[in-house]
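**Q** Show me how the following folds:
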Amino acid sequence: MELFLILFLGTSILVVIEKDLINALVFLAIASLLLIVIIYLYRALDVALTFAVVNSAATTILFLVVIKKLGVTE
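**A** Residues are numbered from 1 along each chain as shown. Predicted structure coming up:
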């Protein structure tokens, strides 16, 4: 459990300090996956499943579309 918390903290920090938006999006996806695992380990299965569906589909696609529309790829 502590390992997942440390990895989650590390990837969350990488999201904030990353300059490239695509790499930041990848780190955000990894941090979200780790958060889903943490929620699952706390036996909140319904919350973990809902967060997984919303995050994997809607959030990632939304960020990719916004990045492409803004044209801020470096």
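
**Q** what stretches of this protein score poorly on pLDDT?
**A** 73-74 (pLDDT under 70).

**Q** OK, contacts around Leu7?
**A** By CB atoms under 8 Å, 6 or more residues apart in numbering, the residues touching Leu7 are Leu34. C-beta: built from backbone N, CA, C; applies to glycine.

**Q** Adjust the sequence numbering to begin at 6 for everything that follows.
**A** Shifting the count to begin at 6 puts that one at Leu12.

**Q** Going by neighbour count, list what's buried in stretch 22-40.
**A** In terms of neighbour count (16 or more other CB atoms under 10 Å), stretch 22-40 has its buried residues at 26, 29-40.

**Q** before we move on, what about stretch 7-25?
**A** For stretch 7-25, by 16+ other CB under 10 Å, it's Phe9, Leu12, Phe13, Thr16, Ser17, Leu19, Val20.

**Q** So which of those residues is the closest to Tyr47?
**A** Using CB to CB, Phe9 is the member of the buried residues of stretch 7-25 that lies nearest Tyr47, at 10.7 Å.

**Q** so what's the closest one up against?
**A** By CB under 8 Å, 6+ apart, the neighbours of Phe9 are Leu39, Val42, Ile43, Leu46.

**Q** Just give the nearest non-adjacent residue to the third one, would you?
**A** Meaning Ile43. Phe9 (5.2 Å; CB to CB, 6 or more residues apart in numbering).

**Q** Quick check: Ile72 touching Asn28?
**A** No. Shown here, Ile72 and Asn28 do not form a contact pair, counting by CB atoms under 8 Å, at 11.4 Å.

**Q** related to what we said a few turns ago, would you reformat the buried residues of stretch 7-25 as JSON lines and include secondary structure and distance to Ala63?
**A** Listed next are the buried residues of stretch 7-25 as JSON lines, based on DSSP: H, G, I helix; E, B strand; the rest coil; distance: CB to CB, whole Å:
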{"residue": "Phe9", "secondary structure": "helix", "distance to Ala63": "23"}
{"residue": "Leu12", "secondary structure": "helix", "distance to Ala63": "24"}
{"residue": "Phe13", "secondary structure": "helix", "distance to Ala63": "21"}
{"residue": "Thr16", "secondary structure": "helix", "distance to Ala63": "20"}
{"residue": "Ser17", "secondary structure": "helix", "distance to Ala63": "20"}
{"residue": "Leu19", "secondary structure": "helix", "distance to Ala63": "22"}
{"residue": "Val20", "secondary structure": "helix", "distance to Ala63": "18"}
